[in-house]
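*Asks:* build the 3D model from these lines:
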Amino acid sequence: MAIVGNLGNDNMQKCIDECVKCLRACEECLTLCMNEEDVKKMVSCMKILRDCIDICETAIGFMARGSDHAAHICKECAEICDACAVECEKMTTDHCKKCAEICRSCADECRQMLG
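*Replies:* Below you'll find the predicted structure:
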């Protein structure tokens with residue numbers, strides 16, 4: 001659903017929405033991880049959360065502008081979201097578990113953009 005004009009990217013809207021949700025979940029999870037009592041055990045999780053935030057933001061931009069390169073950005077986004085989910089699933093906190101679910105959903109939707 002274009003906001004200001006038709007770019008031919010309406011087929012990307014669901015993926016854009018999932019990437020926005022994932023970006024927000026990762027931002028929230030990152031902040032909550034930084035506030036955990038034993039922050040040192042959260043470092044690897046926080047690192048991949050930052051990667052996931054950045055790739056989701058990039059994917060949103062590529063899809064929003066209807067870029068010819070959106071599909072391969074989405075492929076990378078799916079890989080990083082999957083990696084983030086794996087790392088979050090290792091944590092015992094509820095926020096990490098919820099974030100992992102959202103990352104998996106985003107990865108699945110990004111894979112739909114590939115073909």
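*Asks:* residue 95 reaches residue 26, doesn't it?
*Replies:* No: taking contact to mean C-beta atoms under 8 Å, the distance of 10.5 Å between residue 95 and residue 26 leaves them out of contact. C-beta here means a position set from N, CA and C on the backbone, and glycine is covered the same way.
*Asks:* would you state the helices of this structure in chain order?
*Replies:* Remark: helices assigned in the chain by DSSP state H are 13-34, 43-64, 70-90, 94-112.
*Asks:* what is the burial count for residue 73?
*Replies:* 19 (other C-beta atoms under 10 Å).
*Asks:* name the nearest residue to residue 28, sequence neighbours excluded.
*Replies:* Nearest non-adjacent residue to residue 28, counting by C-beta to C-beta, 6 or more residues apart in numbering: residue 95, 7.0 Å away.
*Asks:* can you report how many residues lie near residue 41?
*Replies:* Residues near residue 41, counting by other C-beta under 10 Å: 13.
*Asks:* pLDDT wise, what is it at?
*Replies:* We have a pLDDT of 94 for residue 41.
*Asks:* ok, it to residue 96 distance?
*Replies:* 11 Å (C-beta to C-beta, to the nearest Å).
*Asks:* and what of residue 37?
*Replies:* Counting by C-beta to C-beta, the gap from residue 37 to residue 96 is 14 Å.
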